[in-house]
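>>> structure for the following, please:
(one chain, ligands or ions: 2)
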Amino acid sequence: MKTHKIALIPGDGIGVDVTDAAMEVLAATGVSLEPVRFDWSCETYLQTGRMMPEDGIDTLRAFDAIFLGAVGWPATVPDSVSLHGLLLPIRKAFDQYANIRPHRLLPGVEGPLKASGFDILCIRENTEGEYSGAGGRVHQGRDNEVAVESAIFTRKGVERILRFGFDQARARRGHLTSVTKSNAQKYSMVFWDEVTREIAAEYPDVTVSHMHIDAMAAKMVMAPQDLDVIVASNLFGDILTDLGAAIQGGLGFAASANICPDLSGPSMFEPVHGSAPDIAGKNIANPIAAIWSAAMMLDHLGESDAAKAVLAAIEAVTAQGIGIRPGSHGTAAITAAIVKELQ
Ligand code: IPM
Ligand code: MN
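Ligands and ions are numbered 1, 2, ... in the order given. Sure thing, here's the model as predicted:
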């Protein structure tokens, strides 16, 4: 049996609560894991001036996967500092260009919509686009102040995320919707549309739709059951996946995998939600998003039976009405119920 080395970064706030929960569940699967915990967080930043040590990326490179809770404690460290010191550089350094986020209702969970039979897989480009970090500010604080931030789209980046999306669509219901805003943004988004048509020719078995981000926002509310795989740029995918989380009952259910498809570096698994300082450490946070993300990690590590077992345990628990509404059950009770299902 292979032992998988896991870099565990609980981070801030409820990141700690939900990663503790997920590690308990992982331990109950019987999969051999060797977790090493890193206390990289806003607390660490206040003590050391860094979110992670200078050689943090090199340290992580030695692991088979990274499991992360949440990053951010805006009361003491600006989000623009904490996220650019930990989460975002990891995604870029290991070329985790495919961010996979599933949106569907777990059994027993009532979302805010009338629609219930939806099963969306959002594939978000995760390393470039609007998050490229190219820009600057001049004349700060003056009336002629200028701030520029350029979205960068490369052929390599766009082609590979679309191919990844087409592969997912092929393995699912065979439909892909590419989301842009090419009616307003005439360079990058028109380019994305063109590349979509080129790559589509390689996948004659997959049907393709093109939608603008505004129309997609409406579609995900009005007719989410018509959607299969969505592929979107970094920022558009970020926004759509909070919407996806909302229609699946809330951020407590939204899982995410930051995948480095060519395995040149470790992939990272994390719930979509943030650190939620207001409920941190109170046994309130729903651990299901983190536990589902842990199941995605098992799958990525080749432990697909264990991954299926964890997902089945989550579903069995929500079907019993446990963890389906905010406040109905605490973090510990939901975790214990999932562990019990696994045993
Ligand atoms: C997410 C988060 C991050 C993002 C933030 C915290 C930088 O919102 O993972 O969706 O925008 O990618
Ligand atoms: Mn987000």
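
>>> gap between Met51 and Phe191?
34 Å (CB to CB, to the nearest Å). Bear in mind the C-beta positions are built from the backbone N, C-alpha and C, glycine included.

>>> counting neighbours, go ahead and name the busier of those two.
Met51 (25 against 17; other CB atoms under 10 Å).

>>> would you agree the more buried one is in contact with Glu43?
No. The pair Met51 and Glu43 does not pass the contact test of CB atoms under 8 Å, sitting 10.0 Å apart.

>>> which part of the stretch 1-150 of the chain gets nearest to ligand 1, residue-wise?
Residue nearest to ligand 1 within the stretch 1-150 of the chain (CB to the nearest ligand atom): Leu83, separated by 4.3 Å.

>>> now do the buried residues in stretch 195-202.
By 16 or more other CB atoms under 10 Å, the buried positions in stretch 195-202 come out as 195-196, 199-200.

>>> over to the residue in the stretch 201-343 of the chain positioned nearest to ligand 1: give its phi and psi.
Closest to ligand 1 within the stretch 201-343 of the chain is Asp238: 4.3 Å, counting by CB to the nearest ligand atom. When read as degrees, to the nearest 10, the backbone of Asp238 gives phi -60, psi -50.

>>> show me what contacts it?
Contact partners of Asp238, counting by CB atoms under 8 Å, 6 or more residues apart in numbering, are Arg124.

>>> returning to that earlier point: now for the buried residues of stretch 195-202, which pair is the farthest apart?
Spatially, the most separated pair among those is Val195 and Ala200, at 9.4 Å (CB to CB).

>>> what touches both of those two?
Common neighbours of Val195 and Ala200, counting by CB under 8 Å, 6+ apart, are absent.

>>> any residues of the chain in contact with ligand 1? List them.
83, 87, 238, 272 (CB under 6 Å from any ligand atom).

>>> which of these ranks first by neighbour count?
Val272 (23 neighbours).

>>> wait, that one sits on Ala246?
No. Val272 is beyond contact range of Ala246, at 10.7 Å (criterion: CB under 8 Å).

>>> would you check that Cys42 makes contact with Ser82?
Yes. The pair Cys42 / Ser82 is scored as a contact, 5.3 Å apart, by CB under 8 Å.

>>> intersection of neighbour lists for those two?
In contact with both Cys42 and Ser82: 12, 51, 71-73, using CB under 8 Å, 6+ apart.

>>> in a helix, the residue of the stretch 1-150 of the chain closest to ligand 1, correct?
Yes. Assessed with DSSP: H, G, I helix; E, B strand; the rest coil, Leu83 lies in a helix.

>>> where does it land on pLDDT?
Listed pLDDT for Leu83 reads 98.

>>> which residue is the nearest non-sequential neighbour of it?
The spatially closest residue to Leu83, leaving aside those adjacent along the chain, is Val71, at 5.9 Å (CB to CB, 6 or more residues apart in numbering).
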